[in-house]
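*Asks:* here is a sequence with its predicted model. Questions after.
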Amino acid sequence: MSTISIKVPALPESIADATVAAWHKKPGDFVKRDENIVDLETDKVVLEVPALEDGVLKEILKPAGSTVLAHDVLGTFEAGKVSKAPTEVSSVPVTSAHAEVSPQPISEVVSDQHFTPAERRSIRAGDVVASRSSIRAPVSRTDNRVPMTRLRQRIAERLLDAKNNTAMLTTFNEVNLQAVIDLRQKYKDAFEKKHGARLGFMSFFTLACVDALKKFPAINASIDGTDVVYHNYFDIGMAISTDKGLVVPIVRDADQLSMADIELKIVDFAKRARDGKLSLDEMSGGTFSITNGGVFGSMLSTPIINPPQSAILGMHTIQQRPIAENGQVVIRPMMYLALSYDHRIVDGKEAISFLVAIKEFLENPGKILLAV
């Protein structure tokens, strides 16, 4: 048997340190080779530190909450050792979270001075019980202070950066999704059978954005100092909500992907985002972003730009609403769209026209996809 140090892995160049988020084992626990021992949280990703061999965790040198640098020793474990079952279980006293009300004599529950002797004798036991039951333990007014995670701190910094350092405006429109829904309904089974992916809305919106970005390149650009950088590729960020905060993995070269490719990437990103397994590279870059608050029921919002990008599209919940169509009032599945943009790069006319282009794509998907 040999003692092996559990070390912080090499951190990406842009990350100075990490925080020990959680230990998944305690000293004395058996650890299998490649099993995750401890999570490290940076301001961008959560890193897992696996066991290099089978063994038993010996000691923890950096408890949860510690700030660590690359190659710091987090703890040690003994390779090849087999964990023994504990022989004793220490008893832990259990305390109640609520104070008990001690029984009170009748004279304290009902004041003698308000009753005659005959009335006092006639008080039923049930009256006393009812009086006692009306006495409640004082309500606990406490605060629970929890440090922000590194990821949440980074999200806060980026949101403030977007608010303070961009000239952000938002324009709105609405889209009739009946054509998209009809197309999905007609081909969803065949699509899933052939590609192994569910035909969702995101692939339609991604292709609509790519089509509109080609027409309005300033919305696919970014500011670098006093230069405007026009990107000739289309890397689309997909905002995904997790328990630890919002992450934005990038669908790269979206213009080169099929709808099936896009759907498969989104499903993969969503699963690994919630498992904390996205890499830093997968969340770096991006020329434009899409966020879908509609999955949580949001009807309308103003999404915040993901710097240094110049714009972000906000999707919202689909609602059956009455609209005028060919001179008739009909009920259609409608969605409000919001485009937040950096007015330093994008003019209002471009932003409005961009959103109209997305609307036209989604209301006529067959025409656009067939290039007619």
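*Replies:* Nice, thanks for sending it over.

*Asks:* may I have the phi/psi pair for Gly28?
*Replies:* For Gly28, the backbone dihedrals (degrees, to the nearest 10) come out as phi 100, psi -10.

*Asks:* any idea how far it lies from Thr302?
*Replies:* According to C-beta to C-beta, to the nearest Å, Gly28 stands 52 Å off from Thr302. In this view, the C-beta of every residue, glycine as well, is placed from N, C-alpha and C.

*Asks:* now do the contacts for Thr62.
*Replies:* Actually, residue 62 is Lys. It isn't Thr. Residues near Lys62 by C-beta atoms under 8 Å, 6 or more residues apart in numbering: 20, 68, 72-75.

*Asks:* drop anything exposed from the residues you listed.
*Replies:* Neighbour counting with 16 or more other C-beta atoms under 10 Å marks 20, 68, 72, 74-75 as buried within the contacts of Lys62.

*Asks:* let me know the closest of those residues to Thr242.
*Replies:* Ranking those by separation from Thr242, with C-beta to C-beta as the measure, puts Val20 on top at 19.2 Å.

*Asks:* quick check, the closest one in contact with Asp72.
*Replies:* No: proximity of Val20 to Asp72 does not meet the contact threshold set by C-beta atoms under 8 Å, at 9.6 Å.

*Asks:* between all of the contacts of Lys62, which two are separated the most?
*Replies:* Taking C-beta to C-beta as the measure, the contacts of Lys62 span a maximum distance of 11.9 Å, between Val20 and Val73.

*Asks:* list the helices and strands the helix or strand containing Phe269 packs on?
*Replies:* Secondary structure here is read from DSSP states H and E; on that basis Phe269 sits in helix 259-274. Judged by 3 or more C-beta pairs under 8 Å, 6 or more residues apart in numbering; DSSP states H and E, the packing partners of helix 259-274 are helix 178-195, helix 202-215, strand 240-242, strand 250-251.

*Asks:* so what touches the next helix or strand after it?
*Replies:* Going down the chain from helix 259-274, the next helix or strand is strand 288-292, by DSSP H and E. Applying C-beta under 8 Å, 6+ apart, the external contacts of strand 288-292 come out as 202, 205-206, 209, 213, 219-220, 234-239, 248, 303, 305-306, 309-316.

*Asks:* downstream neighbour of the helix or strand harbouring Thr3 in the secondary structure list?
*Replies:* Taking DSSP H and E as the definition, Thr3 sits inside strand 2-7. Per DSSP H and E, strand 2-7 leads on to strand 18-23 as the next helix or strand towards the C-terminus.

*Asks:* could the buried ones among the contacts of Lys62 go into CSV alongside secondary structure and pLDDT?
*Replies:* Converted to CSV, the buried ones among the contacts of Lys62 look like this (DSSP: H, G, I helix; E, B strand; the rest coil; pLDDT from 0 to 100):
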residue, secondary structure, pLDDT
Val20, strand, 90
Val68, strand, 90
Asp72, coil, 91
Leu74, strand, 93
Gly75, strand, 91
